[in-house]
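> sequence plus predicted model, see below.
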Amino acid sequence: MPSAGSSSARGYGWQHQKLRAQYLPMVQAGKAICWRCGERISPAMQWDLGHDDNDRTKYRGPEHALAKDCKAGGNRATSGRNRKGHADHSRDW
């Protein structure tokens, strides 16, 4: 389930959207390689435009969005979301 708000509202403005659109034909053709695990991203798989883990101002390229598709765990930003039994709390009391 995506985060609330538009792409722009979540910090993914026109530059991000333009770069993602440039990768889209490669992904749709089944030629994209996940920068995290080195495996192909199938056109049927969810994918993200991956950021560098140490510098979020840099993009690394397409990556698997889901851990189940990626030997390296998929997108780090979303890897903890939507797990069954996972509660999103700022702290546990």
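Yep, it's here.

> partner strands of the helix or strand of the chain with the lowest mean pLDDT, parallel or antiparallel?
Least confident element among the helices and strands of the chain, by mean pLDDT, DSSP states H and E: strand 47-51 (a mean of 91). Looking at strand 47-51 with DSSP bridges, its partner strands are strand 59-64 (antiparallel).

> contacts for the strand it pairs with, please.
Applying CB atoms under 8 Å, 6 or more residues apart in numbering, the contact partners of strand 59-64 are 16, 19, 23, 26-27, 32-37, 39, 41, 45-52, 70, 74-75. Placement of C-beta: from N, CA and C, glycine included.

> avg pLDDT for it?
For strand 59-64, mean pLDDT rounds to 93.

> helices of the chain, residue ranges please.
For the chain, applying DSSP state H gives helices covering 14-28.

> so, low pLDDT: which residues of it?
1-11, 76-93 (pLDDT under 70).

> one more pass at 90, please.
Along the chain, the parts satisfying pLDDT under 90 run over 1-16, 50-57, 67, 70-93.
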